[in-house]
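1. can you look at this prediction? I've put the sequence above it.
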Amino acid sequence: MPRFGGRRRTTISGPAVDAALVDGRRDDGPPVFELSPPEYRALLRVIEHARACLVLRSGADAETIRNASGTELAILLRRRATAGAGEDGAVIMRADEIRHLEAAVVNLESYGGHETALCEGYALLERCEALQRGARTGHETEGILSIGRLAPPAPGP
């Protein structure tokens, strides 16, 4: 596609729109939100417990267990946590990744997960859905996902 003055024409399920480039990044990235460190740790606990339950009780192959337990999400989030792209130790999660947590919680319930982990999973799922409603634009630069920051207020007179 031709580029004109730092802008590029794109089509996003409808009429053509201009997608401005900001510091070499497109401003129409995926919707993302931040998990606080305690939320991130809770998510990892829920996923690990779901994986353990599936290993013990499902009889499924390794790939099915990885997908059904949310392990794929845990791997992605660990990489992002290591990259340190979030603010104050927060971990960035794409809004469309909630489906992995949903799978973990549903399978945790189906395969007899501990009540505490199940309650924590449902609470975390509700929290992620609330965070999803306030999602902001994510940016990927050199393979690292970052979150669009709100501009600070202008100084008053």
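-> Done, it's in. Numbering: from 1, shown residues only.
2. for residue 146, grab phi and psi.
-> phi -130, psi 170 (degrees, to the nearest 10).
3. again, but for residue 76
-> Backbone geometry at residue 76, expressed as degrees, to the nearest 10, gives phi -60, psi -50.
4. pLDDT value on the closest residue in space to it that isn't next to it in sequence, please?
-> Counting by CB to CB, 6 or more residues apart in numbering, residue 97 is the residue found nearest to residue 76 once chain neighbours are left out, at 7.0 Å. For glycine as for every other residue, the C-beta is placed from the backbone atoms N, C-alpha and C. For residue 97, the pLDDT comes out at 92.
5. ditto for the one 4 residues further on
-> Turning to residue 101, the model gives it a pLDDT of 93.
6. for the residue nearest the centre of the chain, what are its contacts?
-> The centroid of the chain falls nearest to residue 93 when counting by CA atoms, centre = their mean (2.1 Å). Listed by CB atoms under 8 Å, 6 or more residues apart in numbering, the contact partners of residue 93 are 32-35, 77, 80, 128, 131.
7. okay, strands next: where are they in the chain?
-> Ranges of strands in the chain, per DSSP state E, are 3-4, 7-11, 16-22, 25-26, 31-35, 91-94, 136-141, 144-147.
8. tell me the mean pLDDT for the longest helix along the chain?
-> For the chain, the longest helix by residue count, based on DSSP state H, is helix 37-57. The predicted model assigns helix 37-57 a mean pLDDT of 92.
9. that one versus strand 31-35: what angle between them?
-> Put simply, helix 37-57 runs at 90 degrees to strand 31-35, going by axes from the mean of the first three to the mean of the last three CA atoms, to 10 degrees.
10. i'd like the first residue to be 629 from this point on
-> Yes, from this point I'll number from 629; that puts the last item at helix 665-685.
11. give me the contact list for helix 665-685.
-> With contact meaning CB under 8 Å, 6+ apart, helix 665-685 is reached by 663, 688, 693-694, 696-699, 701-702, 705-706, 709, 717-719, 728-729, 732-733, 735-736, 739-742, 745, 748-749, 752, 755.
12. distance from the chain centre to that helix, please.
-> Its chain's C-alpha centre and that of helix 665-685 lie 16 Å apart, by CA atoms, centre = their mean, to the nearest Å.
13. quick check: buried residues in it?
-> 667-668, 670-672, 674-682 (16 or more other CB atoms under 10 Å).
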